[in-house]
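Build me a model from this:
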Amino acid sequence: MAFEHEQAQALRILEGIEQGSMTAAQSYGLIEDADPTLIYLIFTWLRKRYRKHEAAEAVVGRVLEILSLYPAVTRKVKEGEDDPVVAWFEDAYSYRNLDGPAFIALIVEKLEG
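Residues are numbered from 1 along each chain as shown. Below you'll find the predicted structure:
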């Protein structure tokens, strides 16, 4: 049950930022309880996935809004950056080749495993 809950929460964070369905405050409410590695990977996935996308301004703008309003998120992202799971993912996968649900399922499984 915990695995499914973690996966649902992670997908809510990603899709809330990606689709603009949550405010920065709502996103922060979920982010503050999340694993730093997960948050680093989600934010990196969003930045890389939307680098040259027509929705880049909106999606990356929401990421930047969260980071600027909540310095604790910036610290959490930085903390998660050096986790071995990040190196594992970046060696084996491409951020751009996984859609949101597949990305979250893979990451949460690795983090919970």
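
Now the element after the longest helix belonging to the chain, going C-ward?
For the chain, the longest helix by residue count, based on DSSP state H, is helix 2-19. Where DSSP states H and E defines the elements, the next helix or strand beyond helix 2-19 is helix 24-31.

Show me which residues of that following helix are buried.
For helix 24-31, burial by neighbour count (16 or more other CB atoms under 10 Å) applies to 24, 27-28, 30-31. Placement of C-beta: from N, CA and C, glycine included.

Can you point out the buried residues in the next helix or strand after it?
Using DSSP H and E, the helix or strand that follows helix 24-31 in sequence is helix 36-49. Residues of helix 36-49 classed as buried by neighbour count (16+ other CB under 10 Å): 36-46, 49.

Rounded mean pLDDT for the longest helix of the chain, please.
For helix 2-19, mean pLDDT is 92.

Can you point out the buried residues in it?
For helix 2-19, by 16+ other CB under 10 Å, it's 6-7, 9-14, 16-18.

Mind putting those into a markdown table with distance to V108?
A markdown table is the format used below for these (distance: CB to CB, whole Å):
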| residue | distance to V108 |
| --- | --- |
| E6 | 5 |
| Q7 | 5 |
| Q9 | 9 |
| A10 | 5 |
| L11 | 9 |
| R12 | 12 |
| I13 | 11 |
| L14 | 11 |
| G16 | 16 |
| I17 | 17 |
| E18 | 17 |
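
May I ask which two of those residues are separated the most?
Pairwise distances across these (CB to CB) peak at 18.3 Å, for the pair E6 and E18.

Near E109, how many other residues are there?
As a burial measure, E109 scores 12 neighbours (other CB atoms under 10 Å).

residue nearest the centroid of the chain?
Closest to where the C-alpha atoms of the chain average out (CA atoms, centre = their mean) is I42, at 1.6 Å.
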